[in-house]
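Trainee: Next input, structure requested:
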Amino acid sequence: MTITGNDLRKIEENVSSLQRDMAQVGQLVDRLDVTIEKLTEVSTTVSQLLAVQANRLEVQEKTADKIQDLIEQRRVETDKVIKELYEHVDGVEVDLQKEMKDHQEKIIKKIEELKRENRFPLQKNYEKIIEGKPYFKLIQADSH
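Mentor: Now for the predicted structure:
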């Protein structure tokens, strides 16, 4: 097998073409390396952002839990105060009713005492007026 000049030229062209292709592949590999480095940087940045956001979310959840606990605590305190207030109002109402009853009994006793002592001269006049007797005759009768 002999190699002719034509075959040599074809081999040289093929080698030359392969060298150009290898140079282009080398450039592509360099570009891919740069792209991979940039993607690594972006991935690292995204990971850091996710960690920060996860931390913020955790803090917000803890804060929300504390707020919910405080709201529940205030609700319980408010319910207790309202219950005490109702009990106080009920106690005051009972006391007022007792005082009113006591005063009413004192007034009735005093009226009965005054009736027994005959300290109601005008009461007789009112009773007579109610019976239909003229008022001016009553005044004259009382003055004699």
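Trainee: Quick check: which element contains the most centrally placed residue in the chain?
Mentor: The centre of the chain sits closest to Ile71, judged by CA atoms, centre = their mean, with a distance of 6.3 Å. Assigned by DSSP states H and E, Ile71 belongs to helix 5-116.
Trainee: Could you give the average pLDDT over that helix?
Mentor: For helix 5-116, mean pLDDT is 93.
Trainee: ok so, going back, any idea how far the residue nearest to the centre of the chain lies from Thr63?
Mentor: To Thr63, Ile71 is 13 Å away according to CB to CB, to the nearest Å. Glycine gets a C-beta too; all of them are placed from N, C-alpha and C.
Trainee: And for Ile3?
Mentor: 83 Å.
Trainee: coming back round to it: hey, what's in contact with both of Ile71 and Thr63?
Mentor: Here Ile71 and Thr63 have no joint contacts, going by CB atoms under 8 Å, 6 or more residues apart in numbering.
Trainee: Number of residues surrounding Ile111?
Mentor: Other residues near Ile111 come to 13 when the count uses other CB atoms under 10 Å.
Trainee: and it, how far is that from Lys101?
Mentor: Relative to Lys101, and taking CB to CB, Ile111 is found at 16 Å.
Trainee: cool, Gln73 as well?
Mentor: If you go by CB to CB, the gap between Gln73 and Lys101 works out to 42 Å.
Trainee: Same check on Lys38?
Mentor: Taken as CB to CB, the span from Lys38 to Lys101 is 93 Å.
Trainee: same deal with Glu113?
Mentor: 19 Å.
Trainee: repeat for Glu87
Mentor: 21 Å.
Trainee: Tell me the buried residues in stretch 90-98?
Mentor: By neighbour count on 16 or more other CB atoms under 10 Å, the buried set for stretch 90-98 is empty.
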